[in-house]
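# what's the 3D shape of this:
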Amino acid sequence: MADYLTTEPLFDWETGDFVIINGHVQLAIGKERLKSKIHKIIRTQINQYRIYKGTGYGVDLAGVRGKSFSRDYTLSEVKRVITEALMQDDNIISVENFRTESEGTVLYIVFDVVTEYGFENIKEEI
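Reported below is the predicted structural model:
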């Protein structure tokens, strides 16, 4: 069962800052907390930050970023790395439907996450 009492500061990924209302940092709980955590895991390079060293928190995409592997291999490796990282969270049931989308020169990975709170569609630049 999900821990509804667990909270963390709410982060706005669009602005790159914490959400502050009336001088107070807003807290994310439940589905919003898990969605924020998913984005944070994907954007955190494993062992890059001292606070996460040795914890296995984050992903290791350095092996595929900027390399000239085939598109299929790259997507397969990204899928594997992200799925392994996300499935460490007990609130996540499955990670499905990996695909890529291009917008101009930017490549995104898009996938679905099934959680105890329901379904989330995730889109991240790689």
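
# low-confidence ranges in the protein?
By pLDDT under 70, the weakly predicted segments of the chain are 1-5, 66-67.

# run through the strands of it in chain order.
Using DSSP state E, the strands of the chain run over residues 7-9, 11-12, 17-18, 20-21, 24-25, 27-29, 92-103, 106-115, 118-125.

# closest to residue 71 out of these?
Closest to residue 71 of the strands of the chain, according to Cβ to Cβ: strand 92-103, at 7.4 Å. Where C-beta positions appear, they are placed from N, C-alpha and C, glycine not excepted.

# what are the contacting residues of that closest one?
Defining contact as Cβ atoms under 8 Å, 6 or more residues apart in numbering, one finds that strand 92-103 is touched by 34, 38, 71, 75, 78-79, 82-83, 86-87, 107-116, 123.

# would you mark the buried spots in whichever helix in the chain runs longest?
Taking DSSP state H as the assignment, the helix of the chain that covers the most residues is helix 71-86. The neighbour-count check on helix 71-86 (16 or more other Cβ atoms under 10 Å) flags 74, 75, 77, 78, 79, 81, 82, 83, 85, 86 as buried.

# in JSON lines: the residues you listed, plus distance to residue 13.
Written out in JSON lines, the entries for the buried residues of helix 71-86 read as follows (distance: Cβ to Cβ, whole Å):
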{"residue": "74", "distance to residue 13": "23"}
{"residue": "75", "distance to residue 13": "22"}
{"residue": "77", "distance to residue 13": "24"}
{"residue": "78", "distance to residue 13": "19"}
{"residue": "79", "distance to residue 13": "21"}
{"residue": "81", "distance to residue 13": "20"}
{"residue": "82", "distance to residue 13": "16"}
{"residue": "83", "distance to residue 13": "21"}
{"residue": "85", "distance to residue 13": "17"}
{"residue": "86", "distance to residue 13": "16"}
